[in-house]
Structures are given as C-alpha cells and as structure tokens.
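Visitor: I would like the atomic coordinates for the input below:
(2 chains)
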Amino acid sequence: MIRHNKQPILSVKDLCVFFPIMSQGLIKRRIGSIKAVNHVSFDLHHGQTLGLVGESGCGKTTTGRAILRALSPDSGKVHFQTDQGYVDLAKLDHKALIPLRTQMQMIFQDPFASLNPRMTVGSLVREPLDIHGVGTMKQRNDMVKQMLDRVGIRPEYRTRYPHAFSGGQRQRIVIARALILEPSLIVADEAVSALDVSVQAQVINLLAELKDEMNLTMIFIAHDLSVVRHICDEVAVMYAGRIVEQAPTAELFADPHHPYTQTLLSAVPNPDPDVPMNLGVSGEVADVGNLPTGCAFNPRCEQCESICKEQVPRYRSTDGRRVIACHIQPEMDEELLNVTVSAMQPKC
Amino acid sequence: MATLTHMPELIEPSDTEHDPVLEVHDLHVHFKTHEGLIRAVNGVSFDVPRGSIVGIVGESGCGKSVTAYSILRLIQKPGLIAGGQMHFHPLHQPSFDICQLAEKSRELFDMRGGLASMIFQEPMTALSPVHTVGNQIVEAIRLHKSVTKKQARQMAIDMLAKVGIPGPERRIDQYTFELSGGMRCRVMIAMALVCQPQLLIADEPTTALDVTIQAQIMRLIKQLQEEMKTSTILITHDLGVVGQMCDHVVVMYMGRVVETGPVRRVIHHPRHPYTQGLLASLPSLAVEHEKLPSITGSVPSLTNLPSGCAFHPRCPHAQAGLCDVNGPPELESLNSQQAAACLRVHEIEDDQAQ
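Guide: Prediction:
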C-alpha cells in the first residue's frame, strides 16, 4: 500500500458480502453462506487506480458492486470522501445515496447489454444529467456534445441508436455516460474484456487519458493481468473472496510473493513461443460456498504446509507497500512478520 | 467404421515430404441476408501439415469460426459454401474433397466425428443438458465404431480418465450442470477425441476459461495431440495461445488470410501491417509502455467492405491509388514458408530497416 500524506478518497474496511444458501423444502432455512466477499480492506487515494484481479467467482465484481452500493454489504465500512467529509456508503439508505451517485459511477463490461437499444446515443449520455437535474436542457445538450467529442464519437452521431456503432464505439459511449457527471470515483468492471485486441488498445489509452485529465480515482476490475499491468498503479489479487496480495503494480509483476499470484502470472500465455509458460497449474478455483479450512488456496498450493490447512493466514506486510496473506511467503524475519495490516489502515 | 469407397473424387496421395492432412484451397462461404450477400470467408487457402497444430487467429467477424465450421460442413442456411476445395488426406484411406460430399451422405457422417471432429467454443451450449456425460460420449462412439454398449461405456470411462477427470466411473453418470467449466471443457475434448480422429478442430476451446484452467486445457490438448498424432486446427483470438500452442499460424482479417507461416517466424517477424499492429497492441506483462500502440479505426462491416485491400483504411502504410483500388491483394510467398497479402510488403520492410 503506497503511503500518502493525504487522506484516502475511499477506505474499504472488512467489507463482507455473504449470499445465503437456503434449504430445500417448504420451510426455507439458511443452511450456509457463499462468502463472495470476505473481509476485504483497502485504501484508495486521489487519482490512483487500483486493479482488482482474480479468476471468475473470486468476488472482484461483487466487491465493486458493494462499494457502489449496487448491492448491500453484510458488514464492513466503505468510507468515501465527499465534499461534506467522509460518509460510510455501507450504512446509507437508497434515498441518501442518490445525490452521492453523481460522484461515483460504474463502467460496465458488455457494451451490447448496457446500452438501451431504444434510446439514442445523445439521450443515453444525457440521461444521468436528466436524473440529477444538472443545468438547463441546452447546457445538458452542450455537455453531451463535448463529452462525446472527448471520447472520440462525433457529436453529430448523437441522434443515432446504439446498434449503429461497433463494440469499441459503444464502449466509448458507455464511458461517456459514466463520466458526464464528472464523478470522482469510477468502478470499471471488465471495461475492455469484451473488445477485440485492436480496439481494446484504443479504449485502454482513452481510459488512461481521461483518468489523468479528469483526475479520476478508479477501481479497475479485470481478469486480464496484462491489461491491469498497463493501467493500474496498484493491484489487489483476489482469491475466493479475499485479497491475497496487494502491491504497487511494478513490484507485484516483477516479484509476486503469494503462491497464487505466482501461479496466475505464470499461466498467462505469451505470444512469443520462446517465452515458456507454466502449463503445470493444478486444481480448480475454490468453491466459495464450501471453502477449505485454513488458507483457501491450500489444495492448489505447491508450497502448502500443515499450518496452511489449519489457520486462515493473517494479512502481513514487509515494507508497508505490499500486503500479503500467506503463511509461507515471504520468508523473512520473525520481527517483520508480526506487522499486521490492521495497524496500517488509517482511521477515518 | 464404414469404408469410404464411394468417394466423389479420388485424389492421388501427395508426396511424402509435403504431407498435409488437409488442403483448403480458395474457400468461399457466403451468407444471404437482408442487407445483402456477406462474404464471411472470401478465398481462404491454407494447409494443415500432418501431426501439427495450425492456429487460425483473428478478431471477431474475421471468418475464422466459419472456416472451421465449413471444414466439417456444418454451415447452415442462410450460409452456403460457395466455392473452393478442401482436400482431406486421411491415413490408410483414400483422399477426398470435403466440398464434394453430398449433404446427408454416409461419407459425410463418417467423416464428421469419425475422421475429423470438433471441440466447440461453449461447452455449456454444445453439450446436452438432459443427457448424462456418458450417454453423450457413448453415442459418439456407437455412431462410428461397431462396439457393444458395454464396450463403448468402458471406452468412454477410459477417455474421461485420459483427459484428467478424477473418478471417471462416477462422473460418467453425471449431467453437465454438475461439472465445473474446466471439467465440461475436458468432457468436450474427450468426446471429440474418443473416435481417434485424424483431424481435430478446436474452436476457441479456452476462451471462456480462467487462465489457470486455460493452462491446464492447453497442456491437455498438446499432450493428447502428441500422443494420438492428431493434426489440429486451433481457432482463437488470443495470440498468446497461438504462440504457446501452434506450429503454424494463419492470420485472418475480413474473411481473407492476410499472413501465414511458422509461428516463430510470424510472431518475431510479422510482415503484414495488420499482424504487426495486432502484436504491437497487445498489452504485455513484461514491457511497460506509456501508451499502447493501437490500430486506428474499427473493424469494417462485412456488408460494406472497403475497396482494394480491406485493411487499407486502418493501415499506417496504405498508399492512395495503390491499396484502395482493384481487388484485395493475393497471398505472396516471402520465403519458403511465410506469405503475406500486402501490396507494399517489400517497401514496408525497407522502411523499417532504415
């Protein structure tokens, strides 16, 4: 975790989202929980981009949704810095959330599903302004024109419908729609995953430019590690609902500590046939409804020892920049081992 | 397996040095739509050398899956194989042209699933949800081999074990919804390989999977391919998968082959501007760029193809009066193995050398 003097814009602490597993039959009883997000904590500073990566079912999307309150977390705190000071998003009701929505927006994954086919592009991008009653109609339309121009869609096209645009153009429209309210926090959920390689690079560049220009703080959710490497300042790797390792991007990629991060990085196929990849990965993604005891990664871990099967690893940090939840890695002095992360979380 | 005696066209077996299992020549596949004729595959030619893995790579809509489906003659209306030849040279059997096989003929049924089979993209939609895994595999076996039900079941169990499914005796009686994504993919592979095909077509076999599972499936396909000497066509949009799996690569754009050659050659020395752009625009784990180089513009619509070279509106090397006139450029051999379809291929090389 990069240390900043300033207060974080977003501070997530012990965020939990559990989905109930109900019994069959007439009387439904809760017989268990799917621990989709399990005590996730991180801080995010102004202008920073945090990548949330992991395999399907690891809880990265649920984390993003719980932060924006697209669904309600079971416990935990989400402190968000607004103009009036910090608010705990996790505690607010829906009415209180509405004015805050201008400051936090989401970019969705599939531009073919997230745009209403019966609305013109102009009205799609204007819709957030309409809902929040920003300016007069003329001002709104001018803002739409500017925004479309900024994301690379010709403003004349605003009377057209989404079907007239290609995947990359649609994703630009989705981005315009999310940014028109000039939010300070953006959650981009697999924003470029549905795009073809040649178009994906354009959209990644656009996002990076806009981020700098508008001083956006972003949570970038993705499964593609190479995209994350390109756009994020810091990366949190999730496995079975927990963050297992979090570090500044360059450090994480240069020297992954957690066995799961190592596995994940080594399994990315490289186009160059002379760069070998690890084909020896074993096991399947843990079932979050039925987690193994101890560390959730232990059945797949090559470095697993007996303690891994008994105790859930605590968060530890070596240097205040990297946080890791592993009993085995990194091997270091006993003294350093005892630094737990909770002591590092700033109080809001 | 029924003998393939009544073949429409017999072709002399080719010489030993150049020994392709499949030769696709000038394949055209059209779709008739309300918006006009779509030339999804527009004069595609490539060879599959025996025992090798050939990757067909391209973006969505480039015609890679349609090419794969045509090889098994799975193109349905409004699609139509409008022309071309696909010479199939199975071992110990006479060669034939797949395009000439009559619809619903015995020969076609024998080929499909027997001599050549396919791993489909989405295991959840390709497998039947109302039949057990075992029944589906047994059906494939009994269609192509004269064995009893009991023998077929044993073969299915053996095959499931071979593709790395733990407890195959138990899994064989399960339904697809009881399996994870990786397991379903393994079942698809088991089903495709159980009749020991000589040609396997894998259509985006790992696209829906997580990277760690993808690595497992890639290893499995490679292992089985080496063990069973199956020639494989791997369709993918992921250049990483191509680089790690394939011997040869065919790069497609807008229904045409733009570059082909051995994988090392094409990845290290791409000659067509599209291949170059595609490789450059990949975000890499190793190198950090300030800004990703990207191909400008977007993929054009197949109903409204640009004149001349289909890539010229996006090409940084396009020359007015050359690239935008006449028909699309033909594949030109650059050396003994590599070929690219670009009018300025030599000039581009000179520019880059400077």
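
Visitor: Please point out which parts of stretch B:84-95 sit buried.
Guide: Neighbour-count burial for stretch B:84-95 flags B:84-90, B:93-95 (criterion: 16 or more other CB atoms under 10 Å in any protein chain shown). Glycine gets a C-beta too; all of them are placed from N, C-alpha and C.

Visitor: which SS class is B:Asn335?
Guide: At B:Asn335 the chain is in coil, as set by DSSP: H, G, I helix; E, B strand; the rest coil.

Visitor: so who does B:Glu178 touch?
Guide: By CB atoms under 8 Å, 6 or more residues apart in numbering or on different chains, B:Glu178 lies in contact with nothing.

Visitor: Any figure for the gap between it and chain A?
Guide: As judged by CB to the nearest CB, to the nearest Å, B:Glu178 and chain A stand 13 Å apart.

Visitor: per-residue confidence at that residue?
Guide: B:Glu178 carries a pLDDT score of 88 in this model.

Visitor: just the strands in the stretch 251-354 of chain B please.
Guide: Listed in chain order, the strands of the stretch 251-354 of chain B (DSSP state E, counting those that start in this stretch) span residues B:256-262, B:332-333, B:339-340.

Visitor: how far out from the middle of the chain is the first one?
Guide: To tie it back to what came earlier, the one meant is strand B:256-262. 13 Å (CA atoms, centre = their mean, to the nearest Å).

Visitor: What strands flank that strand, and is each parallel or antiparallel?
Guide: strand B:248-253 (antiparallel), strand B:339-340 (antiparallel) (DSSP bridges).

Visitor: A:Asp130 contacts A:Arg140, doesn't it?
Guide: Yes: under the criterion of CB atoms under 8 Å, A:Asp130 makes contact with A:Arg140 at 7.1 Å.

Visitor: Among those two, which residue is more densely surrounded?
Guide: A:Arg140 (20 against 11; other CB atoms under 10 Å in any protein chain shown).

Visitor: in the helix or strand encompassing that one, what counts as buried?
Guide: Assigned by DSSP states H and E, A:Arg140 belongs to helix A:137-151. By neighbour count on 16+ other CB under 10 Å, the buried set for helix A:137-151 is A:140-141, A:143-145, A:147-148, A:150-151.

Visitor: contacts for it?
Guide: A:121-122, A:125-126, A:129-130, A:134-135, A:154-155, A:157-158, A:172-173, A:175-176, A:179-180, A:206, A:210.

Visitor: Name the next helix or strand downstream of it, please.
Guide: helix A:167-179.

Visitor: Could you tell me which other helices and strands that following helix packs against?
Guide: In terms of contacts (3 or more CB pairs under 8 Å, 6 or more residues apart in numbering or on different chains; DSSP states H and E), helix A:167-179 is packed against strand A:104-107, helix A:121-132, helix A:137-151, helix A:197-213.

Visitor: let's see it at 6 Å
Guide: Using 3 or more CB pairs under 6 Å, 6 or more residues apart in numbering or on different chains; DSSP states H and E, the elements in contact with helix A:167-179 are strand A:104-107, helix A:121-132, helix A:137-151.

Visitor: per-residue confidence averaged over that helix?
Guide: The model assigns helix A:167-179 a mean pLDDT of 92.

Visitor: That one to helix A:121-132, inter-axis angle?
Guide: 20 degrees (axes from the mean of the first three to the mean of the last three CA atoms, to 10 degrees).

Visitor: Take the buried residues of stretch B:84-95 and write them to TSV, including pLDDT, secondary structure and distance to chain A.
Guide: Output for the buried residues of stretch B:84-95, formatted as TSV (pLDDT from 0 to 100; DSSP: H, G, I helix; E, B strand; the rest coil; distance: CB to the nearest CB, whole Å):
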residue	pLDDT	secondary structure	distance to chain A
B:Gly84	92	strand	26
B:Gln85	92	strand	30
B:Met86	93	strand	27
B:His87	94	strand	28
B:Phe88	93	strand	28
B:His89	93	coil	27
B:Pro90	91	coil	28
B:Gln93	88	coil	33
B:Pro94	89	coil	35
B:Ser95	91	strand	31
